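K.L.:
here's a sequence, model it:
(one chain, ligands or ions: 1)
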Amino acid sequence: MDYNMEIINGAATQIAEMFKSMLMNQPQEGQEPVTIAQIEMSMREALRQIGVQALGQFLSVMQTTPASEISCGCGGSLQYQRMREALIISVFGKTSYRRAYYAGCTCQKGRAQLDEQFGLEPGAVTAGLAQLLALAGIEFSYDQSPKWLQAYLLFDVSENTVRSETERMGALQEKQEDALIQRSQDETYLQERQRQPGPVVSRLYGSMDAAKVRIQPRPKKNQAPEEHEDWRDMKVLCWFETENVPPAQRSARQRKQVALRAKNLRYSCDITEADDFGKLLWATGCDLMADLCPELIFLGDGAGWIWNLVSRYYPHAIQIVDWYHAEEHLEAVASAAFPQDPDRSNWLEGVTQALWDGQVEQVISACQALAAYCELARKAAHYFYTHAERMRYDRFRTSGYMIGSGTVESRCKQIVSQRLKLPGAQWTVSGAVQTAKARASWLSGHWQSLCHHRSPLSLAV
Ligand SMILES: [Zn+2]
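P.N.:
The predicted structure is shown next:
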């Protein structure tokens, strides 16, 4: 939309004059001088009130001369009653407008065509405000959001409104994922993309992880909250590509290895069994042509479900245990087996170098040698034995693969820990899932597409 700058400038001049005369009429003596911050904030509030008026008036003038009778959805007919006021909560706050209201059908339903034309729900939040509320809801806890929003929006919004709008965005994300799942199980679609795959990136990465979420629905009357507490796994998947980090931006740690960073990250998450999560893995992968990529690489920790899913859906993928996970196991063994330096550092330095060089057998032997008196070492030996082929870091480095950058954990933390584990959070399974899905969409850069779906009608402008 192009603004008429003359009108904007005219309105601005009037506002400026209004503030000037307000300031002039201030009693001078004994008063603190007015600061620019006070002027700014006061002007923001004035502009907000102008927004309330302008939006309401705009909607009212968009009402055309009402017909005396219109058809009802049920097949009957509705008679024009009167111009009736309605209230919506827009980005400017409570906004009222007047539109033609029809009633009198046998089905008892009323109708206002203007509401339908603009996708307005009287009494409810507009699509424009919903985006902003959900954006707060994916970042701040629901009980804290109203405070932040008040500072930005200059009016009050309830905790429940923020919650329901955020969850609604998550539900939209879920709907899009369901559509992908359905498509990824359609033989015709799969055959078609085999024939004409379209653009395929040469190297694609996937990483998966899980984090615990405390499920504790709000207690109902006569129920103790403890009875319902439960921990569930939120599984997180991230598809990404990599790019070289420019030398000047490399950290000390990155300087000694291939400096890669992730780009085009795309997240999915759910609280569900591995089998169901596999469907999401396959569906989102289909969308990115993961199965057709010349080089597909999966990074993960040692969890069995991750590698089972990778082997089932992407048998040709290169499997890599995230370097930092493997390294952590060695650090744990060193701390448990050697109470004192320098024994501890010497051992750790040796095995870390061996692991870096892909000498997994040497690492296994080093752990086995401690197994008799250190339970952690025995377990670590088993871990390195199980994942030996996923730890050929020498070969992976030669091929220029990302072997770990904390990617797997940080992905999961971005979704789960940073939001779902905020203090004061009480989650139902669906509340946690939908909030996480909304957040995943934002972090994946898909937010605008969700907002487009949240808006029931796109205005022809
Ligand atoms: Zn009807």
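K.L.:
all helices of the stretch 1-150 of the chain, in order?
P.N.:
Assigned by DSSP state H, counting those that start in this stretch, the stretch 1-150 of the chain shows helices spanning 5-24, 36-61, 113-118, 127-137, 145-153.
K.L.:
for the ones you listed, which one sits closest to residue 453?
P.N.:
Nearest of the helices of the stretch 1-150 of the chain to residue 453, taken as Cβ to Cβ: helix 127-137 at 9.7 Å. C-beta coordinates here come from the backbone N, C-alpha and C atoms, glycine included.
K.L.:
just checking, what packs against that closest one?
P.N.:
With contacts taken as 3 or more Cβ pairs under 8 Å, 6 or more residues apart in numbering; DSSP states H and E, helix 127-137 sits against strand 77-90, helix 145-153, helix 159-184, helix 429-443, helix 447-454.
K.L.:
got the CA coordinates for it in CSV?
P.N.:
What follows is the C-alpha trace of helix 127-137 in CSV, where atoms were taken according to Å, rounded to 0.1, in the frame of the first residue of the first chain:
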residue,chain,number,x,y,z
ALA,A,127,-4.9,-11.5,13.1
GLY,A,128,-2.5,-8.6,13.2
LEU,A,129,-2.4,-8.5,17.0
ALA,A,130,-2.4,-12.3,17.2
GLN,A,131,1.0,-12.4,15.5
LEU,A,132,2.5,-10.1,18.0
LEU,A,133,1.0,-11.9,21.0
ALA,A,134,2.3,-15.3,19.7
LEU,A,135,5.7,-13.8,19.2
ALA,A,136,5.8,-12.8,22.9
GLY,A,137,4.4,-16.3,23.8
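K.L.:
buried residues of it, list them for me.
P.N.:
Buried positions in helix 127-137, judged by neighbour count with 16 or more other Cβ atoms under 10 Å: 127, 129, 130, 131, 132, 133, 134, 135, 136, 137.
K.L.:
give me the residue from the stretch 151-300 of the chain nearest the ion.
P.N.:
Of all residues in the stretch 151-300 of the chain, residue 168 sits closest to the ion, at 27.5 Å by Cβ to the ion.
K.L.:
I figured that residue hits residue 127, correct?
P.N.:
No. Checked against Cβ atoms under 8 Å, the pair residue 168 and residue 127 is beyond contact range at 10.4 Å.
K.L.:
now for these two: what residues contact both?
P.N.:
residue 454 (Cβ atoms under 8 Å, 6 or more residues apart in numbering).
K.L.:
count the neighbours of residue 345 for me.
P.N.:
12 (other Cβ atoms under 10 Å).
K.L.:
residues contacting residue 182?
P.N.:
Per Cβ under 8 Å, 6+ apart, neighbours of residue 182: none.
K.L.:
ugh, typo on my part, it should be residue 434
P.N.:
166, 167, 168, 169, 170, 171, 173, 174.
K.L.:
what about the last one, how many residues nearby?
P.N.:
By other Cβ under 10 Å, 17 other residues sit near residue 174.
K.L.:
and it, how close does it get to residue 167?
P.N.:
Using Cβ to Cβ, to the nearest Å, one obtains 10 Å as the distance from residue 174 to residue 167.
K.L.:
returning to what we had before: could you single out the most deeply buried of the helices of the stretch 1-150 of the chain?
P.N.:
helix 127-137 (a mean of 22; mean count of other Cβ atoms under 10 Å).
K.L.:
for it, the averaged confidence score.
P.N.:
When pLDDT is averaged over helix 127-137, the result is 95.
K.L.:
how about stretch 93-109?
P.N.:
Mean pLDDT, computed over stretch 93-109, is 95.
K.L.:
show me the contact partners of it.
P.N.:
By Cβ under 8 Å, 6+ apart, the residues outside stretch 93-109 that reach it are 48, 51-52, 55-60, 63, 66, 70, 72-74, 76-89, 110-115, 153-155.
K.L.:
quick one, strands of the stretch 251-400 of the chain?
P.N.:
Ranges of strands in the stretch 251-400 of the chain, per DSSP state E, counting those that start in this stretch, are 260-270, 295-300, 318-321.
K.L.:
partner strands of the first one and their direction?
P.N.:
This points to strand 260-270. Using DSSP bridges, the strands paired with strand 260-270 are strand 230-244 (antiparallel).
K.L.:
do the same with the second one
P.N.:
Strand 295-300 pairs in its sheet with strand 203-215 (parallel), strand 318-321 (parallel), by DSSP bridges.
K.L.:
weakest of these in terms of mean pLDDT?
P.N.:
Taking the mean pLDDT of the strands paired with strand 295-300, strand 203-215 comes last: a mean of 90.
K.L.:
buried ones in it, by neighbour count?
P.N.:
By neighbour count on 16+ other Cβ under 10 Å, the buried set for strand 203-215 is 203, 204, 205, 206, 207, 208, 209, 210, 211, 213, 215.
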